[in-house]
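**Q** Sequence and predicted structure below; questions after.
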Amino acid sequence: MPVSTIDQKASSVDPYRRLSASQVIAYRSCPRYWYYGWERRLKTPLPPQIIRGNAAEACICRVMRDSPSLHLAEDEDAMSTPLNEDGAPEWDDPSNWPGPRIEPVEKALRPSDMDSLRIWAHARARVHFQRCWDEACDDWAANPNRKGTVEDADPDQCLSMVLRGIDLHLQEVEECLNSEEADVDAWRSGKSRPAWPAPDGFPRDWSSPSHAAYDVGSHMHVVEAWEIARPWFVDPDAASFTQTSTHPDGWFQGEYDLVYRWDGTTRIIDIKASVGRGDRSHGYLDQLRMYGWLWWATHERKETATGLAIWYLGAGDPKDVVMPAVEEMESMDRDLFELYSKIRGNNPSIEECPAEPAPLRRFKDGGVPDGKPVESDSRARCNRCDYAGFCEGSSQEPNLIHMETIQRFGHTWDITPLQAIRTRFSAIGDVSRLTGPDLNEDETVDVRFTMVDGWDRATVRPHRMGGPKSVTRSIKEGSRVRVDNAMPSLWKGQLNLDLDSLSSISPAEEGDEAPIVDIETRVSVVGRVWSIDAYPDGDSVSRWAITLVDASGSASAVAFKQFIPTAAASISRGDVIGVLNGEVGEWAGRPQIKMGPGTRVVVIENEA
């Protein structure tokens with residue numbers, strides 16, 4: 001099956017920390033590059049060229065979903081896949097699928113040979129293209145971390161790539177038409193629909209004879225070949241990451257572009273809206289081999305893909321990739337799990353991810369290896385790295401921010417280095433107003449109480465993302481306990497100590513000291529805006545979130561609704577800003593500064 005899911009409740013793997021082909025490629029290119037991008041989550045700028053890739057793939061998939069027996073060449077798009085609440089196709093509810101409601105095209109008006117089918121398919125591409133291009137432009141423009149302008153993306157170039165992709169698919173259709181491998185009569189009867197069908201406007205359970213079927217016993221018609229050869233692909237209406245395949249043990253995830261299977265074999269295709277030139281082509285070879293391994297791993301290690309290929313839409317013929325043998329995939333399984341355990345199962349330090357870039361590889365158009373396979377400069381990769389400005393492996397002059405104090409609003413603010421922000425604290429006190437403890441199904445403990453330490457008070461409670469697992473059995477009203485690794489927050493002047501899986505409650509030992517009064521909940525920082533991660537859009541996004549970097553490290557900063565500073569609209573990537581009197585927080589293991597009452601945001605240096 002091209003989509004493979006697991007029971008997440010039965011898995012111990014955090015779905016947000018799975019390994020992926022892009023991470024493997026990044027780590028092999030340079031461990032430090034991976035560290036900055038995934039562990040520190042320093043997003044690189046989103047160039048407008050991404051528009052071309054998204055629009056091309058969406059348009060190709062919409063054409064493949066169409067049928068010459070349901071759509072005339074110039075018809076408007078009549079296909080809209082019904083989705084469930086998660087944004088995935090509602091395969092098992094037959095009520096809202098468009099295919100059964102569309103009146104089939106008269107046979108005399110359908111394409112009759114490969115030439116007329118090509119004319120029809122190219123016309124369908126032009127029907128869909130503007131919508132796909134506009135949606136891709138809108139998605140890019142809505143990303144606050146974008147770089148460049150829409151004018152830097154060429155729609156004519158993209159359309160030519162779409163037509164090239166359609167032509168490559170038509171080669172499959174023609175091969176199917178001339179092949180004896182497909183059981184066309186079984187298909188005509190409607191009895192050969194796979195358990196995970198290609199998106200075609202019909203529900204999973206649809207056994208009626210096909211709308212494109214001709215007489216039983218006759219030679220396959222070109223329109224039938226289009227239907228039979230249709231590969232599985234990511235439904236263009238589905239939400240992101242709803243069509244992925246996950247390793248049975250939950251630690252690796254990938255998403256295929258196209259899976260051809262009309263002849264009883266499995267061929268996996270990856271679409272690239274590029275010419276295939278440069279170092280990325282080396283990573284694409286690894287990506288396809290990992291997809292071949294993933295197919296094998298998700299099919300009980302009994303079924304292997306028979307072909308792997310890359311479609312470089314800006315070049316010529318498909319680039320075939322050698323499918324790894326079973327022995328190689330067994331080795332890949334061990335090696336990839338070892339890498340997962342190192343970089344996703346754990347949180348590696350920066351020292352464990354050295355700045356050791358791999359040689360920069362050279363490829364010509366179509367992913368063809370260059371006569372000079374690698375750049376002579378062993379650090380050539382660093383010259384084009386987005387992190388070169390602060391990575392010690394680069395020869396570039398560091399461009400880092402380091403401030404100890406800042407004068408603003410008639411006050412001297414002490415500045416805390418981002419890496420020195422303390423997000424977790426210990427506290428000792430007496431238990432009062434105890435609720436619980438109660439054991440939850442996920443083995444976390446629901447326990448709440450007020451911790452009393454002299455005149456100081458703190459509310460101890462489970463974190464909203466999950467509570468602690470380590471809680472002393474001796475906790476009771478009036479007992480003296482120690483809370484470790486608690487995350488502090490303030491609500492209406494009251495100190496809260498939120499507990500998650502890293503937190504614990506234990507009996508306080510005689511002589512232990514961890515006063516509540518020593519917990520710092522406020523911090524002032526200065527850093528360069530590395531990325532703008534969220535910006536309010538008046539609809540689904542109601543926060544402003546940024547990533548800051550300084551000489552010590554990185555942290556996120558976030559403001560919600562009325563606390564979004566007026567300066568947010570004018571702050572851009574590269575600006576140096578100060579967040580003064582922010583609230584200490586933590587999100588996904590990273591320091592976070594929350595902006596609330598009393599927080600000031602000042603622009604110190606404007607990149608523009």
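**A** Arrived safely, thanks for sending. Predicted, not measured: the structure shown is a model, and the values here were computed from it. Numbers count the residues shown, from 1 in each chain.
**Q** neighbouring contacts of the biggest strand by length in the chain?
**A** Assignment by DSSP state E gives strand 425-439 as the longest strand of the chain. By Cβ atoms under 8 Å, 6 or more residues apart in numbering, the surrounding residues in contact with strand 425-439 are 445-453, 456, 458, 471, 475-486, 488, 497, 508, 512-516, 518-520. In short, each C-beta sits where N, CA and C put it, glycine included.
**Q** same deal with stretch 168-184?
**A** For stretch 168-184, contacts defined as Cβ under 8 Å, 6+ apart pick out 60, 64, 114, 117-118, 121, 192, 220, 222, 224-226, 228-229, 231, 260, 262-264, 311, 318.
**Q** From the chain's centroid, how far away is it?
**A** Relative to the chain's own centre, stretch 168-184 is displaced by 34 Å; criterion: Cα atoms, centre = their mean, to the nearest Å.
**Q** and that stretch, average pLDDT?
**A** Across stretch 168-184, the average pLDDT comes to 93.
**Q** buried ones in it?
**A** 168-170, 172-177, 182, 184 (16 or more other Cβ atoms under 10 Å).
**Q** and this structure, what are its domains?
**A** 45-243, 252-398, 413-418+521-605, 423-518 (automatic domain parsing).
**Q** end to end, how far does the first one reach?
**A** Its first and final residues considered, domain 45-243 spans 26 Å by Cα to Cα, to the nearest Å.
**Q** Then the second one?
**A** As for domain 252-398, its first-to-last residue distance stands at 35 Å under the measure Cα to Cα.
**Q** what do you get for the third one?
**A** Using Cα to Cα, the end-to-end distance of domain 413-418+521-605 comes to 17 Å.
**Q** the helices in the stretch 51-200 of the chain, which residues?
**A** With DSSP state H, counting those that start in this stretch as the criterion, the stretch 51-200 of the chain has helices at 114-142, 155-177, 184-189.
**Q** Please identify the deepest-packed of these.
**A** Among these, the stretch with the highest mean neighbour count (mean count of other Cβ atoms under 10 Å) is helix 155-177, at a mean of 19.
**Q** re the thing from before, now restrict the contacts of stretch 168-184 to buried residues only.
**A** The buried subset of the contacts of stretch 168-184 (16+ other Cβ under 10 Å) comprises 60, 64, 114, 117-118, 121, 220, 222, 224-226, 228-229, 231, 260, 262-263, 311, 318.
**Q** quick one: what helix or strand has residue 27 in it?
**A** For residue 27, the element it lies in under DSSP states H and E is helix 21-29.
**Q** pLDDT of the helix or strand following that helix, averaged?
**A** Later in the chain than helix 21-29, the nearest helix or strand by DSSP H and E is helix 31-34. Regarding helix 31-34, the rounded mean pLDDT is 96.
**Q** do the same with stretch 5-19
**A** pLDDT averaged over stretch 5-19 gives 87.
**Q** How about it, which residues are buried there?
**A** 6, 13, 17-19.
**Q** Show me what the helix holding residue 27 is packed against.
**A** Helices and strands touching helix 21-29, by 3 or more Cβ pairs under 8 Å, 6 or more residues apart in numbering; DSSP states H and E, are helix 31-34, helix 280-297, helix 326-343.
**Q** how about the ones you listed, which one is nearest residue 536?
**A** Taking Cβ to Cβ, helix 31-34 is the member of the helices and strands packed on helix 21-29 nearest to residue 536, at 31.2 Å.
**Q** quick check, distance from the closest one to the centre of its chain.
**A** 18 Å.
**Q** repeat for stretch 76-84
**A** Its chain's average C-alpha position is 24 Å from that of stretch 76-84, according to Cα atoms, centre = their mean.
**Q** Report how many residues lie close to residue 580.
**A** 23 (other Cβ atoms under 10 Å).
**Q** Which residues are in contact with residue 114?
**A** Going by Cβ under 8 Å, 6+ apart, residue 114 touches 170, 173-174, 177, 222.
**Q** tell me which of those residues is nearest to residue 367?
**A** Nearest member of the contacts of residue 114 to residue 367, counting by Cβ to Cβ, is residue 170, at 21.4 Å.
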